[in-house]
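Undergrad: Provided below for reference: sequence and predicted model.
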Amino acid sequence: MLLAVAHGSRDAAASTTTRALLRLVRSLRPELPLHCCFLDLARPSLADTLAQLAHRQPILVPLLLGTGYHIRVDLPAALATAGLPPERLAPALGPHPLLADALADRLTEAGAPPDAPVVLAGAGSSDPVALADTARMAHLLATRLARPVTPAHLSAATPTPHQAVTTLQSAGHPHVALATYLLSPGFFAHRATTTPATWTTTPLGAHPAVARLVLRRYDEARAASRLLAAA
C-alpha cells in the first residue's frame, strides 16, 4: 500500500491538485492500493490515517520536494507512534531528474524561450539540508535546459525570487523566467507570481513525470524495507 503524505494548505486548490496527481498515479498502476493524507491544514490527517491503516504496513511517500524538518522529524515520529519501522518512509521527491523534466515542460507551457535565464523558486526553509536540495535541483534543471539556473527561496532564506530576478535584470537580462518549484497552488505559489519575471510557471501539479517519481520512490522504499526484513 502506498500512503501519499502531502503538506496541506488552506487553499482548496492545493488539495484538488494533490488528488489530481494521485489519480494520475493510480492510472499508471491501478492494482496498487493508494491512500492520501495531509500533514496540516487539510483532512484526513496523517495521525488519523495511520491509526486506520497501520495494520496494513503502508509505505509512506512524502509529496514534498526537499529533505526538511517534516522528512527528518515529523514523519519518522508519526511512524514510531503508529508502531511502524522507519524504513517504511520513502525519501522526499526531490531533487530528481524527473522533476527537471516536469519543470522544463512548465517553462515551455509558460512561453519562456529556450535562451531565457531561469530562476528556480523553492519554498524555502531554515534547514540547510532543504536549501541544499533546492540548489541541487537548480543544477539538475540547468543540466536539463543547458543554461544557468539560479536557486531562490520564497521564505526563510535568500536570495528571494524577487531578488534573483532583479539581479539578473540588472546584469543585462531584461526577460527572466521563473520556474515555480512547488507541487501545488497556495500561499507560496501566489507569492511566486509577484516577481518582475516575464514568465512564471504554474506549480508542478499533476505532471506525468511527478506521478512516475511518486511510484519510483514507493518502489525504492518497498525494496529497501524487504531487504531489511530479510537481513
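TA: Received it, and whenever you're ready, just let me know what you need.
Undergrad: how about low-confidence regions in this protein?
TA: 231 (pLDDT under 70).
Undergrad: just the helices in it please.
TA: 12-28, 46-53, 69, 75-81, 97-110, 128-145, 161-170, 187-192, 208-230 (DSSP state H).
Undergrad: buried set for the fourth one?
TA: Meaning helix 75-81. By neighbour count on 16 or more other Cβ atoms under 10 Å, the buried set for helix 75-81 is 75-76, 78-79. The way it works is simple: take the backbone N, C-alpha and C, and place the C-beta from them, glycine included.
Undergrad: pretty sure Val118 contacts Leu107?
TA: Yes - at 6.9 Å, Val118 and Leu107 qualify as touching, with contact defined as Cβ atoms under 8 Å.
Undergrad: shared neighbours, the two?
TA: Residues touching both Val118 and Leu107 by Cβ atoms under 8 Å, 6 or more residues apart in numbering: 145, 177, 179.
Undergrad: Grab the nearest non-local neighbour of Arg19.
TA: Cys36 (6.8 Å; Cβ to Cβ, 6 or more residues apart in numbering).
Undergrad: Need the residue closest to the centroid of the protein.
TA: Residue closest to the average C-alpha location in the chain (Cα atoms, centre = their mean): Leu65, at 2.9 Å.
Undergrad: who's in contact with the nearest residue to that one once chain neighbours are set aside?
TA: Leaving aside its chain neighbours, Leu65 sits nearest to Gly94 (4.0 Å; criterion: Cβ to Cβ, 6+ apart). Applying Cβ under 8 Å, 6+ apart to Gly94 gives the contacts 64-66, 133, 137, 181.
Undergrad: Which pair of the residues you listed spans the longest distance?
TA: Leu64 and Met137 (12.6 Å; Cβ to Cβ).
Undergrad: Settle it for me: which of those two has more neighbours?
TA: Neighbour comparison, Leu64 and Met137: the larger count goes to Met137, with 25 against 22 (by other Cβ atoms under 10 Å).
Undergrad: quick one: contacts for the more buried one?
TA: By Cβ under 8 Å, 6+ apart, the neighbours of Met137 are 65, 94-95, 99-100, 120, 122, 151, 181.
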